[in-house]
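**Q** no sequence on this one, just coordinates:
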């Protein structure tokens, strides 16, 4: 069954099968507002879940490079420990020239704590990215608005925060 996107960008119906799936995790907690540039690794398969199909993404200093052109679903499912009165944001940043970064506005997610003790919460964000040139089109994840006592949770055992890349089809 072929999928088609209406508008300027159409999937190549000959390549409608999902050929790439890759899941990465944050391995330790992070408590500052910046690009997630360290402590990233491909998720394990110790409990039988799929974390890689195809070539997979490459990553250097938090910058993810796509292995092939096409339409890609990029998503993240972070878990937060949020201090009282704080709010946090996670952004998917994109470059189309391997230099200038912009936040994908639709993929900015916010969570806040208006309670009386630290709150643990999860969120989910995703965006479909058109990758025309694997040397120029790249993705990174960035935390904003984080105060003392708040952190994004990372662990190799529980995979609290993950980053998922799925190639939906060709250009």
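**A** Cool, the structure landed. Not measured: the values here are computed from a predicted model. Numbers count the residues shown, from 1 in each chain.
**Q** what's the closest non-adjacent residue to the residue of the chain most remote from its centre?
**A** Distance from the C-alpha centroid of the chain peaks at residue 116, with 30.1 Å (CA atoms, centre = their mean). Spatial nearest neighbour of residue 116, chain neighbours left out: residue 84 (6.3 Å); criterion: CB to CB, 6 or more residues apart in numbering. To be clear about C-beta, it is placed using only N, CA and C from the backbone, and glycine gets the same treatment.
**Q** Give me the pLDDT for the one you found.
**A** Residue 84 is assigned a predicted lDDT (pLDDT) of 83.
**Q** That one is in contact with residue 148, isn't it?
**A** No: when contacts are counted by CB atoms under 8 Å, residue 84 is not listed as touching residue 148 (10.9 Å).
**Q** By mean pLDDT, flag the weakest helix or strand of this protein.
**A** strand 109-112 (a mean of 63; mean pLDDT, DSSP states H and E).
**Q** next structured bit after that one?
**A** For strand 109-112, the succeeding helix or strand toward the C-terminus, using DSSP states H and E, is strand 119-122.
**Q** what's the following helix or strand after that following strand?
**A** Beyond strand 119-122 toward the C-terminal end (DSSP H and E), the next one is strand 125-131.
**Q** Tell me the helices and strands packed up against the helix or strand just after that next one.
**A** Remark: after strand 125-131, the chain's next helix or strand is strand 138-144, criterion DSSP H and E. Contact here means 3 or more CB pairs under 8 Å, 6 or more residues apart in numbering; DSSP states H and E; on that basis strand 138-144 packs against strand 63-65, strand 87-95.
**Q** Walk me through which strands the first one pairs with, and which way each runs.
**A** Strands flanking strand 63-65 in the sheet, each with its direction: strand 58-60 (antiparallel), strand 138-144 (antiparallel) (DSSP bridges).
**Q** can you list contacts of that strand?
**A** 24, 37, 57-59, 134, 138-140, 163, 165 (CB atoms under 8 Å, 6 or more residues apart in numbering).
**Q** out of those residues, which one sits closest to residue 66?
**A** Nearest to residue 66 among the contacts of strand 63-65 is residue 134, at 5.2 Å by CB to CB.
**Q** Excluding chain neighbours, what is closest to the closest one?
**A** Nearest non-adjacent residue to residue 134, counting by CB to CB, 6+ apart: residue 66, 5.2 Å away.
**Q** mind listing what the one you found touches?
**A** Applying CB under 8 Å, 6+ apart, one finds that residue 66 lies in contact with 57, 72, 131, 134, 137-139, 165, 167.
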